[in-house]
Each structure stands twice: as structure tokens, then as C-alpha cells.
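[1] how would this look folded up:
(one chain, ligands or ions: 2)
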Amino acid sequence: MTPSAGARFRSAMKQKNEKNQPLQIAGAINAYTAMMATQVGHQALYLSGAGVANASFGLPDLGMTSLDNVLEDARRITDAVDTPLLVDIDTGFGGAFNIAQTIRKMEKAGVAAVHIEDQVAQKRCGHRPNKEIVSISEMVDRLKAALDAKVDSDFVVMARTDALSVEGLDAAVERAVAFQEAGADMIFAEALTDIEMYRKFTDVLDIPVLANMTEFGQTDLYTTEQLYNVGVGMVLYPLSAFRAMNKAALNVYQHLLDDGTQDKVVDTMQTRMELYDFLNYHEFEQTLDKLFADNK
Ligand SMILES: C[C@](O)(C(=O)O)[C@H](CC(=O)O)C(=O)O
Ligand SMILES: [Mg+2]
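    Ligands and ions are numbered 1, 2, ... in the order given. Predicted coordinates:
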């Protein structure tokens, strides 16, 4: 039997951590980028909540997307690759029963792991000001609902705390400990402003800690080595490729208008052959040729 998505995620992490490296989790906003990330060797992928909102709906990351919106994008990725996928479920998409449903549907969609956060339902990006958080007990209730809904015990429920900017470091660490006690499989310590802060979490926790290396936010961009040295088990790059794709696309759009030709930007493009290689296009074509050879 092939191991479950959750089991594959856990085993990727174990293998990396045994080599004294945190597991890198690369953001992929769609099926094709998930294929590219996988084929260059990434062992874990991420579907960003901000990515779904921004890329699929043209919306800001303010809790406006639904479970079904995120599920659809997640399913497209898990259909295209076997690489274990961590999905951002924001605050879980509702109360206890909704959270349970979120977990069941994510599991059925072949997702390996989710992270659920302690912001109020009217959430914001973790790196923006004026966040509000729910009480520890309300977040523990969210976690209990999520954990209880797991079918595969290897499915990962990661608890994210956004508490640092609201209540300070000690309170954020206290929350992480409470979430571990409630049974969370892993902790996402969001928007830390100093690398030593990770150590405060990893020193007191037994479960793995994730560091979010999102660009242009509250956290400096530390290397995997720096993060491993403060005990971090996973490093997330939620929107790195997306941001680069956007800048490249904008440059093309601008040049089309300015120059009346794409001449100056063709060499910034992935070629047809490169695209087809990642898609395994030629094998599909050969299948087609074989299938319909008799008709010729
Ligand atoms: C990780 C995150 O939750 C996401 O949705 O990708 C965002 C990333 C970002 O906005 O840079 C967050 O950190 O809140
Ligand atoms: Mg998010």
C-alpha cells in the first residue's frame, strides 16, 4: 500500500531533519508550478491562502475565500503531483462542525497537512498590522474539532499562532505550548521578528516548528542553516515563486505595449519545449498516436 499523503509529509521531514536540515516547503499556486517544483526536487509543497485569494480570485488575503475555493485549488495540485501538500485553511472556515468538514474534505482531496490559525474569523495577512486573535481556549476548541475529524492519524494538523504582534513573545510561546497539549502535530510560529525567537519556541516544544520566510514581511529571510541552528524543523516559502512570476508577467505586458513586440522579453520566457518537458507532453502525444494509428 502506498503511504498516505500525511505519512509522506512526515517522512520527508524526518529525512531532512536527520540530515540536519529543515524541510523546505515550496509554495505552488497551481498544478503546473507544483509539477515544476516537484521535478526540480522539492519534497513538500504549499498552497497559500493568500495565493488562492490573490491568484485565483484577484482578492486580498482577508478571509474572503471559502473552503470550496481552497479545496478546488488543492485538489488540482494533488491530482497533478504526489508531493505532499500543506494547505493554509486560515481559521478553519467556521465553527467546530465546519472545521471538522474542512479536515475531512482536505484529507479526501489528498492533502497531507493543514495549518489553522488563532486569528479572529475576520483574519488578516500574518505580516500586516492590527491583527486580532481569539482566546487560547477558543483556539484549543478549533484544534480539538480539527484533530477529532482526522481519519488518517498521519494527517498533519499544524497550529499557527499569530500572537506575537498582539500579545508578545511569552504569550505566543505559551499559546504554542497549549496547542501542543491539545494535540497539535506541529506549530507555525508566525511573523517572528528575530531569529532567536524561534529558539524560545523550539526549546519548550517537543513537536516540530515551522518558520515562514515570506518576503517583504516582518521576518528577515534566514537561511535553512540559520533556522536549523535554532531548532526549526520546516521552512516555508509561501509566495516566492508567485511574486517572481508576477513581476515577470508584468514586464511582458509592459513590453508588448511599449515595443509592439515581445522581442525583448522572449528570453525571459520558458520555452515551448521546457513547458512540454515538465508536462510530459510527448508521452501523451505518443499515446494518442498509438491509440489512433489504425484510423490512419
Ligand atoms: C503564509 C500566509 O498565510 C499565506 O497565505 O501564504 C501569508 C503569507 C504572506 O502574506 O506573505 C501570511 O504569512 O499570512
Ligand atoms: Mg495565509
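[2] Just the buried residues of stretch 175-191, please?
    Residues of stretch 175-191 classed as buried by neighbour count (16 or more other C-beta atoms under 10 Å): 175-176, 178-180, 182-191. The C-beta positions use only the backbone N, C-alpha and C, and glycine is treated the same way.
[3] Which member of those is positioned nearest ligand 2?
    Glu190 (9.0 Å; C-beta to the ion).
[4] same for ligand 2: which of the buried residues of stretch 175-191 are within range?
    With C-beta under 5 Å from the ion as the criterion, the buried residues of stretch 175-191 include none near ligand 2.
[5] Report the two of the residues you listed separated the most.
    Put simply, by C-beta to C-beta the two of the buried residues of stretch 175-191 set farthest apart are Gly183 and Ala191, 24.0 Å from each other.
[6] could you show me where the strands are in the protein, in order?
    Along the chain, the stretches classed as strands by DSSP state E are 23-27, 45-47, 85-88, 113-117, 156-161, 186-189, 209-212, 234-237.
[7] any weak-confidence spans in this protein?
    294-296 (pLDDT under 70).
[8] Show me what from it comes close to ligand 1.
    Within the chain, the positions near ligand 1 by C-beta under 6 Å from any ligand atom are 48-51, 61, 88, 125-127, 212, 214, 217, 238-239.
[9] One more pass at 8 Å, please.
    Contact residues (C-beta under 8 Å from any ligand atom) of the chain with ligand 1: 27, 46, 48-53, 61, 88, 90, 115, 117, 124-128, 160, 162, 190-191, 212, 214-217, 236, 238-239.
[10] Can I get the buried ones among those as something I can paste into PyMOL?
    Buried members of the residues of the chain next to ligand 1, defined by 16+ other C-beta under 10 Å, are picked up in PyMOL with:
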select buried, resi 27+46+48+49+50+51+52+53+61+88+90+115+117+124+125+126+127+160+162+190+191+212+214+217+236+238+239
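[11] Could you list which of the residues of the chain next to ligand 1 belong to helices?
    Members of those lying in helices (criterion: DSSP state H): Gly49, Ala50, Gly51.
[12] which parts of the stretch 51-200 of the chain sit against ligand 2?
    The stretch 51-200 of the chain comes close to ligand 2 at residues Asp88, as judged by C-beta under 5 Å from the ion.
[13] where along the stretch 51-200 of the chain do the helices fall?
    57, 67-80, 96-108, 136-148, 164-167, 169-181, 195-204 (DSSP state H, counting those that start in this stretch).
[14] Could you measure from the residue nearest to Asp203 when sequence neighbours are not counted over to Phe201?
    Nearest residue to Asp203, sequence neighbours excluded (C-beta to C-beta, 6 or more residues apart in numbering): Gly231, at 7.1 Å. According to C-beta to C-beta, to the nearest Å, Gly231 and Phe201 sit 8 Å apart.
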